[in-house]
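Engineer: missing the sequence, but the structure's below:
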């Protein structure tokens, strides 16, 4: 803890003086983050570090397993964060970011006994769809590492589906104002994969190449499409 406190002092004496203009601007004019990132609380995955983001660039929501509960009448921290990011901050891009060696996904892929952690077990029920996909749609002879990776990837897909149940997000998507992104950080390789919504597969983010997007910006109003009139 003393080491961390030392870093706070370093921020106050060395970092802040060099960035005081930026902090003063943010304090005076408020924030306009470029994206909302929903990532895991794992200490090895730091969204601002991965994206080399400056203060004010990212609105971040972190929790065990980068989970987005489906919208419900019951209030929750993730729901409130999403709603505020979209309706107040005007965020146009939302990223759900999973990662390798995720403890939450490991519990699901190994069917770990979570009896002693009832709150964790209840929270992870929001990932049961991904667990069922992995259990019933993948080969049985995969290694533990492969099972864990598949679980983390499918969990990103499942949470993106949950995200679309939130009214503020659904409305923004329909107007073409919100795009959704699914990312996976490989900690060992230092690589970020992105979900391509058309193929349903993840591929590396590469400079100079089209970025894979789960759901790109574009109006999606069902009533605008032409339809056949019933004959009288």
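Structural biologist: Sure, I can see it. From a predicted model like this one, the values you see are computed outputs, not experimental measurements.
Engineer: Residue 181 should be in a strand, yeah?
Structural biologist: Yes: assignment of residue 181 by DSSP: H, G, I helix; E, B strand; the rest coil places it within a strand.
Engineer: dump the residue contacts of the nearest residue to it once chain neighbours are set aside.
Structural biologist: The shortest distance from residue 181 to any non-neighbouring residue, by CB to CB, 6 or more residues apart in numbering, is to residue 95 (4.3 Å). Where you see a C-beta, it was placed from the backbone N, CA and C, and this is true even at glycine. Residue 95 makes contact with 35, 36, 37, 38, 39, 180, 181, 182, 183, according to CB atoms under 8 Å, 6 or more residues apart in numbering.
Engineer: Would you double-check that the second one falls in a strand?
Structural biologist: Yes: assigned with three-state DSSP, residue 36 falls within a strand.
Engineer: Enumerate every residue touching the residue lying closest to it once chain neighbours are set aside.
Structural biologist: Setting aside the residues directly before and after it, residue 36 is nearest to residue 85 in space (CB to CB, 6+ apart), at 4.2 Å. By CB under 8 Å, 6+ apart, the residues touching residue 85 are 33, 36, 59, 91, 94.
Engineer: Distance-wise, check the first one relative to residue 88.
Structural biologist: As defined by CB to CB, to the nearest Å, residue 33 lies at a distance of 11 Å from residue 88.
Engineer: When these two are compared, which one has more neighbours?
Structural biologist: residue 33 (18 against 11; other CB atoms under 10 Å).
Engineer: So the more buried one, which state does it fall into?
Structural biologist: Under three-state DSSP, residue 33 comes out as coil.
Engineer: Based on its surroundings, how many neighbours for the nearest residue to residue 220 once chain neighbours are set aside?
Structural biologist: Leaving aside its sequence neighbours, residue 220 sits nearest to residue 174 (CB to CB, 6+ apart; 5.2 Å). Neighbourhood size, residue 174 [other CB under 10 Å]: 16.
Engineer: correct me, but residue 174 touches residue 221?
Structural biologist: Yes: using CB atoms under 8 Å, residue 174 is in contact with residue 221, at 5.5 Å.
Engineer: Return the set of buried residues in stretch 124-133.
Structural biologist: 124, 126, 127, 129, 130, 131, 133 (16 or more other CB atoms under 10 Å).
Engineer: now stretch 92-99
Structural biologist: Neighbour-count burial for stretch 92-99 [16+ other CB under 10 Å]: 93, 94, 95, 96, 97, 98, 99.
Engineer: which secondary structure element contains the residue most central in space within the chain?
Structural biologist: Central residue of the chain (CA atoms, centre = their mean): residue 96, 1.5 Å from the mean position. Applying DSSP states H and E as the criterion places residue 96 in strand 93-99.
Engineer: and that strand, average pLDDT?
Structural biologist: Mean pLDDT, strand 93-99: 98.
Engineer: any idea how far the top helix by length along the chain is from the chain center?
Structural biologist: Across the chain, the longest stretch assigned as helix under DSSP state H is helix 144-163. In this view, helix 144-163 has its centroid 11 Å away from the chain centroid, taken as CA atoms, centre = their mean, to the nearest Å.
Engineer: No further questions, thank you.
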